[in-house]
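Visitor: no sequence for this one, just the structure:
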Ligand SMILES: Nc1nc2c(ncn2[C@@H]2O[C@H](COP(=O)(O)OP(=O)(O)OP(=O)(O)O)[C@@H](O)[C@H]2O)c(=O)[nH]1
Ligand SMILES: [Mg+2]
Ligand SMILES: [Zn+2]
């Protein structure tokens, strides 16, 4: 549940949204139950959810063959990438069961409630760009989230063509990214203007990947560059703020020629980790792990306690100042939430 306190107005809005959601769910259940009991459905078969449209999903039985489906009342929180049992119908099928997931990426919604974004994924591409400028600690927040759910993250810096015009910015990006390869994270650089997406193609091969990141960093543009037939809508940045304009509204899965699948997801405003506590965040900084449990005090916060193993690792350069700062920043943001 949310640790954030809601103002009265926010609370009222949340309640209104929940009432509307309940009404929609009741309508949806009617439609699904009618289809199930109406006897006009095909046999049960397995399928893959490739897109989510509010109360319905698109389910694929084989690559390129899909149908819109209602969702049976007892199934909650289906997301793109879920494997399901479904029955074809005319014109709309029905999802009758959800199969187990081997992984799920979630994030808190604006009310702080954890919501799944995509299921059964092998790797998370954290997409950033010079513009819109990354929020403070955004990459580390995503890395922590990926580590905690055990899905391999890859950092993807897009729009590198913009760095050609600005050597100071190029320097800044290089400095920000320098630390990650040494921690074992792959960092890729791309531009849809300059081509050269071979390394990205290679990294996507034979795996299920999801693009996440701020609105406007070019996630959908990259999908279009990799797979022109996807024809996803892309949106220019706002002229005033140079921020994204939330163009993609639903996660959608595509099959790539190289054998992998790729899920494009809606950009986020803020990637909070409100659902985590300090111990999760510690574990999410992978270079901290060998040192955790070795501090003098069991509840050490790694600030200025004597005998702190994390501070000792900082002294010996096994942990960098910037990652320790990032850890502290994230933990403080959790405490303020
Ligand atoms: N210069 C440059 N612009 C790019 C590049 N990739 C994307 N863009 C532009 O960035 C803007 C945003 O692109 P989108 O693909 O809509 O971004 P998104 O991450 O999908 O955004 P949301 O769907 O809102 O999350 C568009 O104007 C694109 O043309 C790039 O490599 N270089
Ligand atoms: Mg998009
Ligand atoms: Zn410590």
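Guide: Here it is on my side, so go on. Computed from a prediction, not measured in an experiment: that's the story for all the values here. Residues are numbered from 1 along each chain as shown. Ligands and ions are numbered 1, 2, ... in the order given.
Visitor: can you tell me the closest non-neighbouring residue to residue 306?
Guide: For residue 306, ignoring the flanking residues on the chain, the nearest one in space by CB to CB, 6 or more residues apart in numbering is residue 296 at 6.1 Å. Glycine gets a C-beta too; all of them are placed from N, C-alpha and C.
Visitor: now residue 263
Guide: Residue nearest to residue 263 in three dimensions, not counting chain neighbours: residue 210, with 4.2 Å by CB to CB, 6+ apart.
Visitor: so how far is residue 92 from the one you found?
Guide: Counting by CB to CB, to the nearest Å, the gap from residue 210 to residue 92 is 27 Å.
Visitor: and for residue 183?
Guide: Per CB to CB, residue 183 is found 47 Å from residue 92.
Visitor: which one of these two has more residues nearby?
Guide: Shown here are residue 183 and residue 92; by other CB atoms under 10 Å, residue 92 has more neighbours (15 against 12).
Visitor: what sits opposite the closest residue to that one other than its chain neighbours in the beta ladder?
Guide: With CB to CB, 6+ apart as the measure, residue 68 is the residue that lies nearest to residue 92, at 5.3 Å, once sequence neighbours are left out. The bridge-partner assignment for residue 68, based on DSSP bridges, gives residue 58.
Visitor: hmm, residue 93 and residue 68 touching each other?
Guide: Yes - at 7.1 Å, residue 68 counts as touching residue 93 under the criterion of CB atoms under 8 Å.
Visitor: helix, strand or coil for the closest residue to residue 220 other than its chain neighbours?
Guide: The spatial neighbour of residue 220 that comes closest, neighbours along the chain excluded (CB to CB, 6+ apart), is residue 232 at 4.1 Å. On the three-state scheme (DSSP: H, G, I helix; E, B strand; the rest coil), residue 232 is labelled coil.
Visitor: hmm, residue 225 and residue 232 touching each other?
Guide: No - in this structure residue 232 lies outside contact range of residue 225 using CB under 8 Å: 10.3 Å.
Visitor: the worst-scoring helix or strand of the chain on mean pLDDT: what's the following helix or strand?
Guide: Across the helices and strands of the chain, mean confidence by mean pLDDT, DSSP states H and E is lowest for helix 8-37: a mean of 72. Beyond helix 8-37 in the direction of the C-terminus, DSSP states H and E gives the next helix or strand as strand 44-53.
Visitor: show me what that next one is packed up against.
Guide: Based on contacts counted as 3 or more CB pairs under 8 Å, 6 or more residues apart in numbering; DSSP states H and E, the elements that strand 44-53 packs against are strand 56-62, strand 83-87, strand 93-98, strand 252-255.
Visitor: averaged pLDDT, the longest one. What do you get?
Guide: So that's strand 56-62. Mean pLDDT, strand 56-62: 95.
Visitor: find the centremost residue of the protein, please.
Guide: Taking CA atoms, centre = their mean as the criterion, residue 212 is the residue nearest the geometric centre of the chain, at 4.4 Å.
Visitor: if I look at it, how far off is residue 23?
Guide: Counting by CB to CB, the gap between residue 212 and residue 23 amounts to 31 Å.
Visitor: try residue 84
Guide: From residue 84 over to residue 23 the distance is 24 Å, taken as CB to CB.
Visitor: who has more neighbours, the two?
Guide: Comparing residue 84 with residue 23 by other CB under 10 Å, the one with more neighbours is residue 84, at 21 against 10.
Visitor: can you tell me the closest non-neighbouring residue to that one?
Guide: On the basis of CB to CB, 6+ apart, the spatially nearest residue to residue 84 that is not a chain neighbour turns out to be residue 95, at 4.8 Å.
Visitor: wait, doesn't that neighbour sit right on residue 56?
Guide: No - Residue 95 sits out of contact with residue 56 when judged by CB under 8 Å, with a separation of 9.1 Å.
Visitor: shared neighbours of those two, which are they?
Guide: In the contact map built from CB atoms under 8 Å, 6 or more residues apart in numbering, the residues linked to both residue 95 and residue 56 are 69, 70, 71.
Visitor: find the nearest non-adjacent residue to the closest residue to ligand 1 within the stretch 201-337 of the chain, please.
Guide: Closest contact between the stretch 201-337 of the chain and ligand 1, by CB to the nearest ligand atom, is at residue 267 (2.3 Å). Nearest in space to residue 267, with sequence neighbours left out and distances taken as CB to CB, 6+ apart, is residue 215 at 2.8 Å.
Visitor: what are the ranges of the strands in the stretch 201-337 of the chain?
Guide: Listed in chain order, the strands of the stretch 201-337 of the chain (DSSP state E, counting those that start in this stretch) span 208-213, 252-255, 261-264.
Visitor: where are the low-confidence patches of the stretch 201-337 of the chain?
Guide: 337 (pLDDT under 70).
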